[in-house]
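S.K.: A structural model of the following input is requested.
(one chain, ligands or ions: 1)
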Amino acid sequence: MTPAISVAGVECRYRGHQALTDVTFEIDTPSITGLLGRNGAGKTTLLRILAGQEFATSGRVHVFGAGPLENDAVLRRMILIREDQIYPDLRVRHAITAASLLYPNWDTDLAGTLLDLYELPPNRPIKKLSRGMRTALGIVIGLAARAEITLFDEPYAGLDAVARMLFYDQLLADYTAHPRCIVLSTHLIDEADELLDRVLVLDHGKLVLDALAEDLRGTATIVTGPADCVERFVAGRATLSRRTMGTQTQAVMVGRLDERDREVADHLRLRLERVTLQQLAVYAAGHDTQSGLTPARAS
Ligand SMILES: Nc1ncnc2c1ncn2[C@@H]1O[C@H](COP(=O)(O)OP(=O)(O)OP(=O)(O)O)[C@@H](O)[C@H]1O
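M.R.: Purely as a prediction, here's the structure:
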């Protein structure tokens, strides 16, 4: 089957600055993929290239088996919602009508429900919306378009915690009813953790982690306790970091724990805590070569 997104050896250079280097991955529908990475890692650049809004300097980008650049047949099947989305001088309802004409899977009922949920006044000019309301309008359009490939580039600007939770709930509910290929670039990894099937981490333009979220959860553990006991426990295993505070040491250890490990930890009076996806992404960005953390590519 042709993958929804196929990226091979993609590079993007801006006047001497290398924004993406040899990025290769594929995404099959349906899935919710988290695109993670620090500021300037290349997330927006990659999403813009996928959406046909930016040229790759080299490499191959296929969306539904074809190049997205100026390809209407492909572009109608995908939507990119950006944090800094710019709208023409329109009222809310005009933007909704324009989007409904553009996207073949548009769900008018969902758009209406979301407009009510986010309390967006249909007659208000978009330029008079608050920052959070403008963001919410992007979310309404991004979800109601129900595009086969839906790309959200940090769609959170100005959204309060309640509105963000609403977004996660609506995204998951609509995805469950209408599975499709969703890519969500985010810094708020822990908030989105439960949503994600797949994780891509960019660091300085390189893809340093490409894995199924399920495989990552539980693959690293924070071990805390007396320094000598921690050292005994982690001996011979890969560790990502170690910190000592007084008599206590905290080590981040890679690898799954079995029942026997837990008994030993208990015996040594060590505290074991799961490393969150957010922490793993940070470690992956800083330790891509030496940690042994970078798992095989998800397929
Ligand atoms: N049009 C451009 N001209 C020159 N450099 C650019 C351009 N667009 C992006 N860059 C550079 O490419 C790099 C990647 O930028 P990009 O916006 O893709 O990062 P990002 O991961 O989305 O960052 P953030 O999380 O801060 O939004 C940055 O160093 C940025 O300054």
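S.K.: Pull the residues that contact stretch 266-276.
M.R.: For stretch 266-276, contacts defined as C-beta atoms under 8 Å, 6 or more residues apart in numbering pick out 189-190, 193, 217-226, 229-230, 232-233, 252, 257, 262, 265, 283. Quick note: C-beta positions are derived from backbone N, CA and C, even for glycine.
S.K.: which of these are buried?
M.R.: Neighbour counting by 16 or more other C-beta atoms under 10 Å classes 189, 193, 217, 219-225, 229-230, 233, 252, 257, 265, 283 among the contacts of stretch 266-276 as buried.
S.K.: List the ones among these that fall in helices.
M.R.: Among the buried ones among the contacts of stretch 266-276, the members falling in helices (DSSP state H) are 189, 229-230, 233, 265, 283.
S.K.: right, and the pair among these with maximum separation?
M.R.: I189 and C229 (30.6 Å; C-beta to C-beta).
S.K.: what's the longest helix in the protein?
M.R.: Looking across the chain with DSSP H, the single longest helix is helix 161-177.
S.K.: which residues touch that helix?
M.R.: So helix 161-177 is contacted by 30, 32, 110, 114, 117-118, 132, 136, 139, 143, 146, 155-156, 159, 182, 184, 188, 191-192, 194-195 (C-beta under 8 Å, 6+ apart).
S.K.: Pull the distance from that helix to the chain's centre.
M.R.: Remark: helix 161-177 is offset 14 Å from the chain centroid, using C-alpha atoms, centre = their mean, to the nearest Å.
S.K.: Pairing partners for the next helix or strand after that helix, with directions?
M.R.: Going down the chain from helix 161-177, the next helix or strand is strand 181-185, by DSSP states H and E. Sheet pairing of strand 181-185 (DSSP bridges) gives strand 31-36 (parallel), strand 149-153 (parallel).
S.K.: Setting the sequence-adjacent residues aside, check what's closest to the spatially most central residue of the chain.
M.R.: Nearest to the geometric centre of the chain sits G34, at 2.0 Å (C-alpha atoms, centre = their mean). Leaving aside its chain neighbours, G34 sits nearest to L196 (4.2 Å; criterion: C-beta to C-beta, 6 or more residues apart in numbering).
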